[in-house]
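Asker: Sharing a sequence plus its predicted fold:
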Amino acid sequence: MSNIKALPFLEPEVTEGVMPCCPPLTERPLTAEEAERTAAMFKALGDPVRLRLFSLVASHEGGEACVCDISDVGVSQPTVSHHLRKLKEAGLLSSERRGTWVYYRVEPSVVAAMGQMLKIAG
């Protein structure tokens, strides 16, 4: 007996400035633009430090994290800032400055769209 549970996928909702990456791979071939946008997101997550930072933000209580709470990933602060900027440029994170700190949150519509894209009909 398996303990594995399938989690439901959330329907992506388009927020201002953020576009879902593409349809499920089994639905139709990607257009050149969809492939370019999707590759940028996966490329951003292809770096172990970025993937760890993304995971820290995604799993942080309340769905957002202050840079002061996630900067201990074994690299210098300027390097953390560089990686967070790359994640933002790829559309995976958004940020908001509050006083001297910057708070990051995962863009749920993009993550849901990426998950939907990888969903394979079973």
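Answerer: Yes, it's here. Residues are numbered from 1 along each chain as shown.
Asker: which residues sit in contact with residue 57?
Answerer: Going by C-beta atoms under 8 Å, 6 or more residues apart in numbering, residue 57 touches 64-65, 70, 93, 104-106. In this view, the C-beta of every residue, glycine as well, is placed from N, C-alpha and C.
Asker: Just confirm it is within a strand.
Answerer: No: using DSSP: H, G, I helix; E, B strand; the rest coil, the secondary structure at residue 57 is helix, not a strand.
Asker: quick one, helices of the protein?
Answerer: 32-45, 48-59, 67-70, 77-89, 108-118 (DSSP state H).
Asker: Rounded mean pLDDT for the second one, please.
Answerer: It refers to helix 48-59. Average pLDDT, helix 48-59: 93.
Asker: mind checking which of the helices of the chain is nearest residue 23?
Answerer: Of all the helices of the chain, it is helix 108-118 that lies closest to residue 23, at 6.8 Å by C-beta to C-beta.
Asker: buried stuff in that closest one?
Answerer: 108-114, 116-117 (16 or more other C-beta atoms under 10 Å).
Asker: Can you pick out the most distant pair from those?
Answerer: 108 and 117, at 14.7 Å, using C-beta to C-beta across the buried residues of helix 108-118.
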